[in-house]
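Chemist: turn this into a structure:
(3 chains)
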Amino acid sequence: MSRWITVEKRETPPLGTRLLIPLLALGGTFLLTSGLILWGHANPLRAYYYFLIAPLSSRFSLFEVLVSATPLILTGASVTFAFSGGYYNIGAEGQLYAGAIAAAGVGLLVGGLPVPLAILVLLVSGFLAGMAWAWLPAWLKVRWAVDEVVTTLLLNSVMAYIVSALLNGPWRDPESGWPQSPEIAASAHLPKLAARSRLNLGFLIAVLTLIVLWYVLNHTAFGLKLRAVGLGKSAARFAGIPVERTMFAAALISGGIAGIAGVCEVAGIQYHLIDALSAGYGYTGIIIATLGGLNAWGVGAAALFFGLIDTGAQTVSRVLGVPVYLGEVTQATMLLVTLAVLLLQHYRIRIGRR
Amino acid sequence: MEFIVSLLTATLRVATSILLAAIGETYAERAGVLNLGIEGTMFFGAFVGFYVADLTGSLWIGLAVAVLSGIIAGLLMALFSVTLGVNQHVSGLGLTLLLSGLALFAFRLKYGGRSTPPSIEPFPLLSPFRGIPILETLGEQYLLTYITFLVIVPLAWWLLYHTDFGLKVRAVGENPEAVDAAGVDVYRIRYLALVIAGGLMAAGGAFLSLAQLGAFTHGIVSGRGWVAIALVIFGNWDPFKVTLGSLIFGGTFALQLRLQAMGLQLPIPYETFLALPYLVTIAALVIAGRNAAYPAALLKPYRRE
Amino acid sequence: MKIIEMRGITKRFASLVANDHVDFDLERGEIHALLGENGAGKTTLMRILYGLYRPDEGEIRVEGRPVTIHAPKDAIALGIGMVTQHFALVPTLTVAENVVLGFNEGFRLDRQRIAEEVAEAARRFGLEIDPAVQVGHLSVGQRQRVEILKALYRHARVLILDEPTAVLTPQEVEALFATLRRLQHEGLSVIFITHKLAEVMAITDRVTVLRDGKAIATVRTASTNEEALARMMVGRESFGVRRETSARRGEPLLRMEGISAVDDRGLPALKRVSLTIHSGEILGIAGVGGNGQHELAEVLSGLRRPTEGRLLVEGRDMTGASPAELNAAGVGRIPEDRHEGIVGELSVADNMALETLPRFVKKGRLDRQAIIAHARRLIEQFQIKARPTDRAKTLSGGNMQKLLLARVLSRKPKVVIAPQPTRGLDIGATDYVRSQLLAQRERGAGVLLISEDLDEILALSDRIAVIYEGEIVGILPAQEADVERLGLMMAGAAREEVLP
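Modeler: Prediction:
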């Protein structure tokens, strides 16, 4: 069997190719997913309209896009932080729930506090909870060189059971009997940014987090050390950078940011801890961080776009009856197609026998 | 005694699906590719197996098509990790998200309107040792469990250590340059290993829907793929040691089921037991994984020049 | 009868022309040297012949027939075998498994049968080796034997050896040469890639000299001499940096007292090593690769903790100090492998600042301008061909090494640890690095030079210590050292009084 597809390196990508990349990725993705839309007995063009255009056409749905983007910005930032430091934290999903548990718990106790203080307490406790849940795999990594990919993934499953235990046990809603925690104190609700919408302070917190991420990565000694560790562990070690300590810090901060995402979902949207708080935001954060090129602004753009897809998928599902999971499929397809198309930049792909 | 026998019986049953997937992952990693698509491939296999069996009325056709879908998933992983040389962590997770999304999409599309969760008549349990104490209970297993433990595991071991193909797989995960210089097509070997891996992973998923449950649910795989990856490290990339690992996980899981079934009033929530196998896996990983001899070329795409 | 003919071979890598219309031919039964400096294009030409690279232009004939060689598989089928510099062996497999890899008949791998066959082949070719042992457990010389056996087992009639003596002791080299002569008598043709003139004279029948990607000449070995070859190879009359003889050895700066260390597998790699580096001297560590040099460099760079013994810097106990602490104490460290010492994806300026980041922080903010200005100064001072914002991985090997030198030397360290500082560099860069090390000595610093290149050790060192199996087996003043004496010590055959 001779290779039918060969990949050859080329040094300078033609400008045309570079400009084409986002378009090719987008086109490829929607071409691939249109098969599913047809399977769902809908017209792909109509579906795309509801998917990408309709959400931007009204104030309400535009705000919904921002609401959907909020947790994605945060988990994207969380993953970016860890990956930049060469720590493969796949546990943002679990850390998000850790933050959510903290918010749901602490949120019950802050009724007497003024609003800004209550929110601050929630954010801090969520950050700490996310850090705490990230601690074990990080420690195992730097102390015993245990692969963090596997441990963070396994802990996501463990966290799912902890949430379930809380919701079916002590936190089961005493009135309705639903598996959801009691509503948090009103003083801990993140204030709305616009009337008659779900858009809340969480979005600004997410944007602020992005700015901090950008500043730390690009304008502090810690950020440079972090990237040095991520891009070349042995060279960083040689230059006197404490590799393990840096990686450990990156892991904990990453966990903390994911925890904030949990706080924003509980205090900004649900006001309860629920089972389905996260629609896999922790995993989507990995896609976003990758598509964003581990760059704060790239992460922001990717998260907004994915927020649009999430919102659009809801619309498509409601209007055309195509299952809402179209959104997830589109996001994953976009990741894979983009990764493939990105290679065009540096490689020429030849098809056929040589 | 009776408790232990029934525990062991359940252990074998529970371990089957994870073992199939872990043997698959062993092949992928031995060839130098970490396939994080495992969780999605299992989930997709579970769905395809269920759907096709429901459609055709044949469990075996369901299983076969599920394996086929896993092979395609393996080819997709190979396209990204081998031909294109994309970061394996990211492409594997991307594959898992894609396949999970696809399975959920199709499940909603096909079964969305039903008020009761759909189910099929699963594979029956065999009892070949009727009348023989202990063995009678212990042997009450699915045919797939027998095949997995008695055929697939020894075959996987034999293929890896006693065939030319296995030699190439082991070599390609350690030093692909050497394999290339020896005139062997590195890509071809990695493709084949990933195809085998994908097929076994999907079979592991289909076992859940076609044998263990007779249904497809959102939480049907719930992290078993990640556990399988941990077991591969625990088992040092050796099919028999991986089997041992899967029995430890299966045992913990079965114990948890037994304890639940006994209906004891315990002061701790039953989720503690559900989470236990994952924690035990982490512990096993810490104990065994510290000196793990990872295949030297794992995660590294191969490019000549 | 020509067994191999290569005509007008051209290979370009981006802007670099690695082979520029090279002609090369090989007679049946001859040993033919391919001579040239690092980067002259020797290895590229042979990788083309072995199918690892594809030529942009040119034609290859085997026994007069034009052939296209797409992959090693094709080369092997044509009876061409290659032993690359980095052995193409799988350490976790046995000798027999390595030998039959890609050449096993049938689907089954009959361990017993292949072990017998490989043992039989080893006897036939006079390359005795246990087929059942794991390659990872073999010495470098033994691994090379496995590589040759592997080629011959595949019925190679042409054997390409890429710098085969670089990793061997002088005694092992003799054994290799004896083997090659015997195989030559049995009709094997050998292409011998080297940059060592003495080896060309000792073993080959003809020489083709490459320089800057071009074939300069092909001559009979019997009708030439080392001086003439050197001129062709280098393209200028004299070369190399010479040491001034005015060594003023000053006070001790760095002292190792009975230091032991283990390697990555936990096996002893350094055994009670005691050495002292004085101000104003270059102390050379000679030895065959893999005798503990790597671990020695790591201990002195703060990357490996000794299991016993003490490390003193100016009398202060620095045992187990981190790289940062050693830096602060005035120990300048050049990395052994420059690619492992540079973060390729970061800019030149960032790499230059990496060891001294606190200097570039103003009010918690990284002062980008200061980092760039600092890089500009060093680029100017060390004549580095790069811009501060270039990504470090785009630099040539020589410029990368200059970057690392600049980072270390600009801080005027008291001690300089230089493991394999010129490995893989071209002549110009090598001269530059050597002159910088000599300048450090003149400045009063103490330099530890670890090198597997004996000529380099002899050219630069004031004192020479020989390391063998993790032990210092002797220390000689440079004027008493010669190749013979050092060679015997490097092979573990002789010891000298050890004076720390």
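
Chemist: point out where chain A drops to low pLDDT.
Modeler: A:1-18, A:345-354 (pLDDT under 70).

Chemist: which element, helix or strand, includes the most centrally placed residue in it?
Modeler: Centroid-nearest residue in chain A: A:G285, 2.4 Å away (criterion: Cα atoms, centre = their mean). Here A:G285, judged by DSSP states H and E, is contained in helix A:281-291.

Chemist: which element follows that helix toward the C-terminus?
Modeler: Counting by DSSP H and E, what follows helix A:281-291 is helix A:296-320.

Chemist: give me the number of residues near A:E244?
Modeler: By other Cβ atoms under 10 Å in any protein chain shown, 15 other residues sit near A:E244. All C-beta atoms are positioned from the backbone trio N, CA, C, and that covers glycine.

Chemist: nearest residue to it other than its sequence neighbours?
Modeler: A:V142 (4.0 Å; Cβ to Cβ, 6 or more residues apart in numbering or on different chains).

Chemist: about what we covered before: surely the residue nearest to the centre of chain A meets A:T75?
Modeler: Yes. At 2.8 Å, A:G285 counts as touching A:T75 under the criterion of Cβ atoms under 8 Å.

Chemist: hey, what's in contact with both of those two?
Modeler: A:A92, A:A258 (Cβ atoms under 8 Å, 6 or more residues apart in numbering or on different chains).

Chemist: one step back: give me the contact list for the helix holding A:G285.
Modeler: A:71-80, A:83, A:90-96, A:156, A:258, A:261, A:298-299, A:302-303, A:306, A:331-332, A:334-335, A:338-339, B:87, B:90, B:93-94, B:96-97.

Chemist: quick one, helices of the stretch 151-300 of chain A?
Modeler: Counting by DSSP state H, counting those that start in this stretch, residue ranges of the helices within the stretch 151-300 of chain A are A:201-219, A:221-231, A:233-238, A:243-265, A:281-291, A:296-320.

Chemist: pipe these into CSV and attach distance to C:N351 per row.
Modeler: Shown next, in CSV, are the helices of the stretch 151-300 of chain A (distance: least, Cβ to Cβ, whole Å):
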stretch, distance to C:N351
helix A:201-219, 16
helix A:221-231, 9
helix A:233-238, 8
helix A:243-265, 16
helix A:281-291, 25
helix A:296-320, 23
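
Chemist: select, out of those, the one closest to C:P413.
Modeler: Nearest to C:P413, of all the helices of the stretch 151-300 of chain A, is helix A:233-238, at 14.5 Å by Cβ to Cβ.

Chemist: who are the packing partners of that closest one?
Modeler: Applying 3 or more Cβ pairs under 8 Å, 6 or more residues apart in numbering or on different chains; DSSP states H and E, one finds that helix A:233-238 contacts helix A:221-231, helix A:243-265, helix C:338-341.

Chemist: can I assume A:A302 is in contact with A:L294?
Modeler: No. Applying Cβ under 8 Å as the test, A:A302 and A:L294 come out as separate, 10.9 Å apart.

Chemist: same drill for the two, tell me which one is more crowded.
Modeler: Between A:A302 and A:L294, counted using other Cβ under 10 Å, A:A302 has the larger neighbour count: 28 against 20.

Chemist: what residues of stretch C:357-368 count as buried?
Modeler: Neighbour counts over stretch C:357-368 (16 or more other Cβ atoms under 10 Å in any protein chain shown) mark C:L357, C:F360, C:L366, C:D367 as buried.

Chemist: would you turn the residues you listed into JSON lines with secondary structure, distance to chain B and pLDDT?
Modeler: JSON lines is the format used below for these (DSSP: H, G, I helix; E, B strand; the rest coil; distance: Cβ to the nearest Cβ, whole Å; pLDDT from 0 to 100):
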{"residue": "C:L357", "secondary structure": "helix", "distance to chain B": "28", "pLDDT": "92"}
{"residue": "C:F360", "secondary structure": "helix", "distance to chain B": "31", "pLDDT": "94"}
{"residue": "C:L366", "secondary structure": "strand", "distance to chain B": "28", "pLDDT": "93"}
{"residue": "C:D367", "secondary structure": "coil", "distance to chain B": "33", "pLDDT": "94"}
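
Chemist: now, which of the residues you listed sits nearest C:S410?
Modeler: Among the buried residues of stretch C:357-368, and counting by Cβ to Cβ, the member closest to C:S410 is C:F360, at 13.7 Å.

Chemist: which SS state does B:A292 fall under?
Modeler: coil (DSSP: H, G, I helix; E, B strand; the rest coil).

Chemist: that concludes my questions; thank you for your assistance.
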